[in-house]
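1. here is my input, please return the structure:
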Amino acid sequence: EAQLVESGGGLVQAGGSLTLSCVASGFTFDDYAIGWFRQVAGKEREGVSCLSAIDRDTDYADAVKGRFTISSDSAKNTVYLQMNNLKPEDTAVYYCGVSPFGGTTTDVYVDWGRGTQVTVSS
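-> You can find the predicted model right below:
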């Protein structure tokens, strides 16, 4: 059974930075895509960034391109999301998910972590 545990969220001022971590277990790490998503209460979960399986190609939502960077450490089964120049509209609960296919749509993701709260003050 896949397990994903997010950490690294917190409160930061606009323009600041945070790095989120997602530690994965229960599956062959490099064989699956890992994605970061975010959700604001009352709204749908939206894709932020993802790493493809095997080649670890990256993809980003337009709203975060140039500010966020996704990366991984296979030795630690961990995916990171470096978030720079944070804006108040980045405030959300951030989740990581695992998918056999990849991409930034939620319907192809089969397991999720519990999320970590990111709050950006203006």
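
2. ok, residue 36 touching residue 93?
-> No. At 11.3 Å, residue 36 does not count as touching residue 93 under the criterion of C-beta atoms under 8 Å. No exception for glycine: its C-beta is placed from N, CA and C like everyone else's.

3. give the buried residues for the helix or strand residue 47 falls within.
-> Per DSSP states H and E: residue 47 is located in strand 46-51. Buried positions in strand 46-51, judged by neighbour count with 16 or more other C-beta atoms under 10 Å: 47, 48, 49, 50, 51.

4. repeat for stretch 23-33
-> Counting neighbours by 16+ other C-beta under 10 Å, stretch 23-33 gives 23, 24, 27, 29, 32, 33 as buried.

5. who does the strand holding residue 47 touch, helix- and strand-wise?
-> Using 3 or more C-beta pairs under 8 Å, 6 or more residues apart in numbering; DSSP states H and E, the elements in contact with strand 46-51 are strand 33-39, strand 58-60, strand 68-73, strand 78-83.

6. give me the angle between the longest one and strand 46-51.
-> In terms of direction (axes from the mean of the first three to the mean of the last three C-alpha atoms, to 10 degrees), strand 33-39 departs from strand 46-51 by 160 degrees.

7. now do strand 33-39, average pLDDT.
-> Strand 33-39 shows a mean pLDDT of 97 in the predicted model.

8. now do that strand: everything it contacts.
-> Taking contacts as C-beta atoms under 8 Å, 6 or more residues apart in numbering, the residues outside strand 33-39 that touch it are 20, 22, 24, 45-53, 70, 72, 79, 81, 90, 92-104, 106, 109, 115, 118.

9. pull out the buried residues from those residues.
-> Applying 16+ other C-beta under 10 Å to those flags 20, 22, 24, 45, 47-53, 70, 72, 79, 81, 90, 92-99, 102, 104, 106, 109, 115, 118 as buried.

10. the buried residues of strand 46-51 into a markdown table, with extra columns for pLDDT and distance to residue 59?
-> Formatted as a markdown table, those follow (pLDDT from 0 to 100; distance: C-beta to C-beta, whole Å):
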| residue | pLDDT | distance to residue 59 |
| --- | --- | --- |
| 47 | 96 | 8 |
| 48 | 97 | 10 |
| 49 | 97 | 6 |
| 50 | 96 | 5 |
| 51 | 96 | 8 |
